[in-house]
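Trainee: sequence first, then the predicted structure:
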There are 4 protein chains.
Amino acid sequence: MEPNIKNIAVLTSGGDAPGMNACIRAVVRTGVYYGKNMFGVIQGYQGLINNNIEAMNARSVSNIIHLGGTILKTARCLKFKEDAGMELAYQNLKAKGIDGLVVIGGDGTFTGAKRFAEKYDIKVIGVPGTIDNDLYGSDFTLGYDTAINTVIEAIDKIRDTADSHDRLFFIEVMGRDSGCIALRSAIASGAEAVLLPERETSLKELITKLKEGASTKKSSSIVIVSEGNKYGGAYDIAHAVKRKFKHYDTKVTILGHLQRGGSPSGFDRILGSRLGFAATKALIKGETLKMAGLHGNEIKLTNLADALNKNNYKLEDDLLEMTHVLSI
Amino acid sequence: MEPNIKNIAVLTSGGDAPGMNACIRAVVRTGVYYGKNMFGVIQGYQGLINNNIEAMNARSVSNIIHLGGTILKTARCLKFKEDAGMELAYQNLKAKGIDGLVVIGGDGTFTGAKRFAEKYDIKVIGVPGTIDNDLYGSDFTLGYDTAINTVIEAIDKIRDTADSHDRLFFIEVMGRDSGCIALRSAIASGAEAVLLPERETSLKELITKLKEGASTKKSSSIVIVSEGNKYGGAYDIAHAVKRKFKHYDTKVTILGHLQRGGSPSGFDRILGSRLGFAATKALIKGETLKMAGLHGNEIKLTNLADALNKNNYKLEDDLLEMTHVLSI
Amino acid sequence: MEPNIKNIAVLTSGGDAPGMNACIRAVVRTGVYYGKNMFGVIQGYQGLINNNIEAMNARSVSNIIHLGGTILKTARCLKFKEDAGMELAYQNLKAKGIDGLVVIGGDGTFTGAKRFAEKYDIKVIGVPGTIDNDLYGSDFTLGYDTAINTVIEAIDKIRDTADSHDRLFFIEVMGRDSGCIALRSAIASGAEAVLLPERETSLKELITKLKEGASTKKSSSIVIVSEGNKYGGAYDIAHAVKRKFKHYDTKVTILGHLQRGGSPSGFDRILGSRLGFAATKALIKGETLKMAGLHGNEIKLTNLADALNKNNYKLEDDLLEMTHVLSI
Amino acid sequence: MEPNIKNIAVLTSGGDAPGMNACIRAVVRTGVYYGKNMFGVIQGYQGLINNNIEAMNARSVSNIIHLGGTILKTARCLKFKEDAGMELAYQNLKAKGIDGLVVIGGDGTFTGAKRFAEKYDIKVIGVPGTIDNDLYGSDFTLGYDTAINTVIEAIDKIRDTADSHDRLFFIEVMGRDSGCIALRSAIASGAEAVLLPERETSLKELITKLKEGASTKKSSSIVIVSEGNKYGGAYDIAHAVKRKFKHYDTKVTILGHLQRGGSPSGFDRILGSRLGFAATKALIKGETLKMAGLHGNEIKLTNLADALNKNNYKLEDDLLEMTHVLSI
């Protein structure tokens, strides 16, 4: 009944996301439990090409579930986009008899994975590992929950010092193409306003909103700025506001890469464990070109093609509406 | 179209749960946004009986979203179980013209709420606020996510010191009737074993499992003990193990009430906000005897009667299976 | 024996610092314990001028020891620098019979306090409350320990993602005139380099250091940048490095005001408690124009004039030497 | 000028303490910087006897400064107390040419170190690494600051849920012979009472104090219980109180070994770095039978014999007095 998958490799690719280690652990131990030989690829697709592939056992993944980052490291890899690079990767896997691959990453990772699995006789299952939460086919991507916690802990600290009503704090969060982190952070931190790549907000609108708040709240205002909004970064928008409204005291925080790190939350450790467990079992059952994802409280498979289809993904409109109601 | 709900009160009851303040904030601001008069009841049902009911506005809930506990306080209240107490509560609400009530709490809270709403002409919507996660009708209850994070942060610290293979750490977590906290904590912390109220584990089984681990892992073992398992608390089980296996060095941690506190996680702040928003909108639409709950990434209403039906609720069997595979 | 101090007020001024609430609590309760009438001034010197002065008792400071920020709020106040403003402040205090004042803040605060106490018959004791640690007369200022913890927690998260040897992370920390935060953060986070206002570092030196590290470490480098170094902020230095060394991937984090907030560390809560306790006892004993400070494990008084003398303060040279040895 | 120390080993012994890794890193890198060959001993004195001694270089200690526990592990070792065991340890060191040893640990560790250094021609410098803070010769021991932070974070969470005035929370903290952790935790958490091994408190006194608090505070009370107080653990005292005062609802938390773990605070990372740096430089200068310790803001050496003399060590009486004043 079970197809003849015998040797499975796992890799992480793209930006680091908390929970990747929990997922690697689950992949390796699930494979071992079901009698497979397990391998870890160092530095993602680059490691496939460089033949940086190591055997792993249940002990290789001891005491890693709580660690941020990825023990397998990640890297950008342009060569894997070329036929020659992909061929080399294939040869290296074949030489070790590897017939199944779990790839943990975001849309760039899956684009490569899809091409690879379509071209060669190696089965591939994806796990959505990215703090950006911008993939279709999983309610949440791995690392997103931790990133939100990281952002709100930072904003909580800033709010401690917010006591003067002419002071504006601009907090820049990740999300060049997607406002997912900004939107949920804004709700969870009770921010007064949020600037998203998906919605244009004029300076005038923003100032109107902040003035309304100031008139009733008598306290500082916190504005979450997603990297990819139309004004540029938080510094640019702070300068623009300052130019027009001189009496405001504007303060800027750029969270940057600290959003990618940190010990994963319980949610991400459990999600990573479940996704890794499910992805490995799917491979063993002979599945390929799928992504394991969270749907409600269940793990289900989605076609990689659907996961990558940008038309399938949408910002949560109900949450956007809620930010307006709750920041009155 | 909208029924004539004009005055809405909100209360918290039962054990504290992180995220209750985010929910109170959402209830009050949503009500204000839609033009209702809002009230907060101090100390749950006791406050209804004592007429401890205060008007609230948008500013009453400023700067509380990040706080643990509940600004409205909670209390046990035996009198509300009696007809006389319930009548008094009703008279106090009526005197203020309150025709809608949001109750945030667990199953005890909802039992009272159901009786009350069936008996009197006051509409009631429930919000599942309890760290126990033992209600039907919401994938997660408010506070559960934060409690899991609290537990695993504690276990991470214990694991730092776990370096001798004859040392057993027993960590007692909350859950007299339900192993929900124990089960997810065990997965998220990579515990070697877990004792649940729902599953009987013999001492012999436990020791066999720990010995297997020790033989391959050469490190300490962590055992999560849910309060309500058959052996009693963590001290009892530690003593029982010690009596039979003298060379083990057993160490005990009882987390206790710290699991109920702490700044709510992003997940719980957003969940609390969404549930409060939805519960208030449901009241305004004329709904009653319902509970707002999370289903996947959506908020839906469930009948209170169904939420309270213990037969509807089940421990997650797939997660239980996974604990065995991943702790090899 | 005790002079006739009867009514004592406390205020916080300048930038927020974690631990200020612990100090306010200690001042108020110590005063109450010794039978004095206690007052809190809202918004620092501005509150003195505006007569924003409230009676406080032991309960006014319940449940605040763990909170960041200051319940008394702070504000910049230019008017207090003028004779008219100071006179108004004095009249307001006198009208309430206040004859003792505890001021919690940094050097700007103490400059005002010194002038005031020299001019009027109100005794003043200072408490060094600033995250900058740039005052003479206390081994550590209140809030500095928490700020260091905040910075290193941020850097720990960044380090999780640091796995490519051509990647440079620049972290900007507070300290326009003083490298205290930068220096200790660099040691505590194991940073590869640190740029301070007190020491000029050329770009060439920096790059040489980073290259040496890269050649042996094969991992990313973290550079702490104090606001006031000669190149400007972290963005400026990142651009300058990028211009000269194109193959480096530079990433920037600006921590900003989150360094001023957060729940105070145990160290700062105890320090705040001790300083408030000592300052109030000093006032009661008739002292004035002094600052309470930590010397080893004891609290001692220093003349305000000495605390403000910039020549007395020095960056810790032994720590600077140590950063070079330990970052090899 | 420099004596002929060429090969230096470092070990950790006794209970884990956060900051040990920062200290190991400092010892190794300082030794390397000054041209010495460096070694790490696995599992303390047991590792000396078992010849579990490995060469280390600057890279061996990369990315460990932020980790709890100790990468060198610790162990109890009865054999090192016997002449035969000590002789074996000596032979193993001699075989590798090791002529200097840094031992990081508490009083048990130093007792062994002293005997060893007196008997053999190997120079030994101690570093006070224990969360108990019960050694003479250092204002603070390594790990103590982190342990206090861990305890107060736990109590902060418990306080979130403390809203009923007949509820007593008993928190048991480490310290069988010393109330150092209990005392400072009590101040930093604003606890209502503290039970120490060094001071006898009768049940009657305790209840009187709690009743006074309840009469004015109308909120729950938190009692810190040091392991070694005369009533036994927190459970015992909670039962005793409950027996006499039935209407109190008593809740117990036993923090246990989580106090030994966790990522070290900035204070402990800097302290560990400074102590390791100083201890290694002392060895290189030919010092022996000394302990490096923090005095104010400086590192100084103390004779091991003095550090071990129990008569030298005292609980901080001024802090004890302060707990009474500030908990009114």
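Mentor: Perfect, thanks for sending it. Residues are numbered from 1 along each chain as shown, chains lettered A, B, ... in the order given.
Trainee: how long is stretch A:309-325 end to end?
Mentor: Using CA to CA, to the nearest Å, the end-to-end distance of stretch A:309-325 comes to 32 Å.
Trainee: hmm, it touching chain B?
Mentor: Yes - looking at stretch A:309-325 against chain B by CB under 8 Å from any CB of the partner chain, the contacts come from A:Glu316, A:Leu319, A:Met322, A:Val325. Glycine gets a C-beta too; all of them are placed from N, C-alpha and C.
Trainee: residues touching the nearest residue to the first one once chain neighbours are set aside, list them.
Mentor: If I follow you right, that is A:Glu316. Of all residues beyond its chain neighbours, the one nearest A:Glu316 is A:Leu183 (6.9 Å), with distances taken as CB to CB, 6 or more residues apart in numbering or on different chains. If a contact means CB atoms under 8 Å, 6 or more residues apart in numbering or on different chains, then A:Leu183 has A:Val194, A:Leu196, A:Leu315, A:Glu316, A:Leu319, A:Leu320, A:Thr323 as its contacts.
Trainee: make CSV from these and add pLDDT, distance to C:Asn57 and neighbour count to it.
Mentor: Formatted as CSV, the entries for those read as follows, by pLDDT from 0 to 100; distance: CB to CB, whole Å; neighbours: other CB atoms under 10 Å in any protein chain shown:
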residue, pLDDT, distance to C:Asn57, neighbour count
A:Val194, 93, 41, 28
A:Leu196, 90, 47, 24
A:Leu315, 80, 50, 17
A:Glu316, 83, 48, 16
A:Leu319, 93, 44, 18
A:Leu320, 89, 46, 17
A:Thr323, 90, 40, 21
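Trainee: hang on, the earlier thing: in a markdown table: the residues of stretch A:309-325 next to chain B, plus secondary structure.
Mentor: Output for the residues of stretch A:309-325 next to chain B, formatted as a markdown table (DSSP: H, G, I helix; E, B strand; the rest coil):
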| residue | secondary structure |
| --- | --- |
| A:Glu316 | coil |
| A:Leu319 | helix |
| A:Met322 | helix |
| A:Val325 | helix |
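Trainee: which of those sits closest to D:Lys285?
Mentor: Nearest to D:Lys285 among the residues of stretch A:309-325 next to chain B is A:Leu319, at 63.7 Å by CB to CB.
Trainee: so which elements touch the least confident helix or strand in chain A by mean pLDDT?
Mentor: Averaged element by element with mean pLDDT, DSSP states H and E, chain A has its least confident helix or strand at helix A:203-217 (a mean of 77). In terms of contacts (3 or more CB pairs under 8 Å, 6 or more residues apart in numbering or on different chains; DSSP states H and E), helix A:203-217 is packed against strand A:193-195, strand A:221-226, helix A:234-244.
Trainee: that helix to helix A:234-244, inter-axis angle?
Mentor: Here the directions of helix A:203-217 and helix A:234-244 differ by 80 degrees (axes from the mean of the first three to the mean of the last three CA atoms, to 10 degrees).
Trainee: any idea which of the residues of stretch A:309-325 next to chain B is closest to B:Cys23?
Mentor: Distances from B:Cys23 to these, taken by CB to CB, are shortest for A:Met322, at 12.7 Å.
Trainee: what about that closest one, neighbour count?
Mentor: A:Met322 sits with 23 neighbouring residues when counted by other CB atoms under 10 Å in any protein chain shown.
Trainee: count of residues packed around the nearest residue to A:Tyr33 once chain neighbours are set aside?
Mentor: Once its chain neighbours are removed from consideration, A:Tyr33 has its nearest residue in B:Val325; the separation is 4.8 Å (CB to CB, 6+ apart). Other residues near B:Val325 number 17, with proximity taken as other CB under 10 Å.
Trainee: ok, now A:Glu82?
Mentor: A:Glu82 sits with 11 neighbouring residues when counted by other CB under 10 Å.
Trainee: what does A:Arg167 give?
Mentor: A:Arg167 has 18 neighbouring residues, counting by other CB under 10 Å.
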